[in-house]
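K.L.:
Sequence plus the predicted model coming up.
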Amino acid sequence: MKIGILISGRGSNMVAIVEAVQSGLIPDSEVVAVISDKTSAEGLIKARERGIETLAISRNGRTREEHDAEIISELKKRNIELVCLAGYMRLLSSEFIRAFPNRIVNIHPSLLPSFKGLDAQRQAIDYGVKVSGCTVHFVDEDLDHGAIVAQKTVKVLDDDTAESLAARILEHEHALYTEAVKKIVEGAVEIRGRRVIAKQSNRK
Ligand code: GRF
């Protein structure tokens, strides 16, 4: 399966997926391109070091739809079948969602539907929950919303700060995201009893 990854920053989840693909842990797949909306994203360098084509497509004062149209076109040109958001800090337009039905996934550092949006780990600490975690989900037009593919719980310790909790959750994010992408590639994801096929029907 041809995979495209969208990032805005550090790119550690992107690296985890790239390495899982390159090592064969995620079978029959290729990370074809990593696209960032920020030219300064550290993840772009990490992707290039791993031999992946990178594109920086900044918004440059354009509307969300205009910006997304350029990203969609670059993804389509490369026959991308699965789009993985990995720390991509922009909400996708409905055109983007429609261009890749059931083929966009995201990772979020909380047990959704709790603590959507920015600083999910700080929200968890401030709320005082004893368990948090991370979620991989299909993406729809709402923020951190869509059918859940996989979740992993992480205990919140009494002396945790937002930073220490974020670091512990991040380790689990890498494993959860790669396992979830593997399942999707293998066509083994079921959402409420219905198998979700991310592979384009016109490709073998
Ligand atoms: C991760 O915590 C991810 O869950 C969230 O943004 C962060 C991105 O980190 N959506 P990285 O860029 O993958 O290192």
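P.N.:
Yes, it's here. Numbering: from 1, shown residues only.

K.L.:
near the ligand, which residues of the chain show up?
P.N.:
7, 9-13, 43, 86-87, 107-109, 170, 173 (CB under 6 Å from any ligand atom). All C-beta atoms are positioned from the backbone trio N, CA, C, and that covers glycine.

K.L.:
again, only this time at 8 Å
P.N.:
Applying CB under 8 Å from any ligand atom, one finds that the chain approaches the ligand through 7-16, 43, 85-89, 106-109, 120-121, 134, 166, 169-170, 173.

K.L.:
Of those, which belong to helices?
P.N.:
Here DSSP state H is the test, and the residues of the chain next to the ligand give S12, N13, M14, V15, A16, G43, A120, Q121, A166, I169, L170, E173 as lying in helices.

K.L.:
Need the contact partners of the lowest-mean-pLDDT helix or strand in the chain.
P.N.:
Least confident helix or strand of the chain, by mean pLDDT, DSSP states H and E, is strand 194-196 with a mean of 76. Contact partners of strand 194-196, identified using CB atoms under 8 Å, 6 or more residues apart in numbering, comprise N102, F138, A147, I184, G187, V189, E190.

K.L.:
Buried residues in that strand, which are they?
P.N.:
V196 (16 or more other CB atoms under 10 Å).

K.L.:
now stretch 108-115
P.N.:
Under 16+ other CB under 10 Å, the buried positions of stretch 108-115 are H108, P109, S110, L111, L112, S114, F115.

K.L.:
got a pLDDT number for the residue of the chain at minimum distance from the ligand?
P.N.:
Using CB to the nearest ligand atom, the single residue of the chain nearest to the ligand is G87, 2.7 Å away. We have a pLDDT of 97 for G87.

K.L.:
Same question for Q200.
P.N.:
Value for Q200, per-residue pLDDT: 54.

K.L.:
Show me which of the contacts of strand 194-196 are buried.
P.N.:
Those of the contacts of strand 194-196 that meet the buried threshold are N102, F138, A147, I184, V189, by 16+ other CB under 10 Å.

K.L.:
In JSON lines, list these along with pLDDT.
P.N.:
As requested, these are exported to JSON lines (pLDDT from 0 to 100):
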{"residue": "N102", "pLDDT": "90"}
{"residue": "F138", "pLDDT": "95"}
{"residue": "A147", "pLDDT": "94"}
{"residue": "I184", "pLDDT": "95"}
{"residue": "V189", "pLDDT": "86"}
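
K.L.:
ok, which pair from the residues you listed is furthest apart?
P.N.:
A147 and I184 (11.6 Å; CB to CB).

K.L.:
Now do the strands in this protein.
P.N.:
Secondary structure of the chain (DSSP state E): strands at 2-7, 30-36, 53-56, 82-85, 104-108, 131-138, 148-155, 189-191, 194-196.
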